[in-house]
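In: Sequence first, predicted model second:
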Amino acid sequence: LYPRASCCESLVLLLGGIAVAVGCYRCCRCRLRDIPGIKRLLRCCGCDAFADFSIVVLVHDALYTTAKGKILLNVRVTAGKHQVATDDSNNGRFHQPLELFVEQGSRHVNVELMDARAKKHSPASSSTPSTTSSPSPTGRGPSGKRSTP
């Protein structure tokens, strides 16, 4: 860094610079993965198990029990800051494909059965499968590697 700085001084300056960068990052609420080159670096060092990908979820129907009688429901699928939802249904049948973009670094894909009439849109039921495991018949996850049970 500086021609006359010792190794310890250089290390302190480097750590200070990192602390300032982290502080600025938290202040501006930007995402680290939005910076060019960071996604590739996180994949190479093994911090992220997969790159960005899209999934298509076919929502056929939802089975549920309730004491309220018929309620208006929809299914919401969320991964990170991206989410998609079906149209509202009062009989639990949706027959609708949903395409969801899953960003690199997303840990879970949340599948929620939502009460469409609720004011806060609170989930009536939810499931959180991991993005690093694969339910596919080939046994290969998003990274293309064989998953183990």
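Out: Great, that's in hand. Everything quoted here is computed from the prediction, not taken from an experiment.

In: ok but residue 100 is inside a strand, no?
Out: Yes - using DSSP: H, G, I helix; E, B strand; the rest coil, the assignment for residue 100 is a strand.

In: Share the number of residues neighbouring residue 108, please.
Out: The local packing of residue 108 (other Cβ atoms under 10 Å) involves 15 other residues. For glycine as for every other residue, the C-beta is placed from the backbone atoms N, C-alpha and C.

In: distance of it from residue 80?
Out: 9 Å (Cβ to Cβ, to the nearest Å).

In: now do residue 93
Out: Distance from residue 93 to residue 80, by Cβ to Cβ: 28 Å.

In: all strands of this protein, in order?
Out: Under the criterion DSSP state E, the chain contains strands at 53-61, 73-79, 82-85, 93-102, 110-115, 123-127.

In: what sits up against the shortest one?
Out: Defining contact as Cβ atoms under 8 Å, 6 or more residues apart in numbering, one finds that strand 82-85 is touched by 74, 75, 76, 77, 98, 99, 100, 101, 102, 103, 114.
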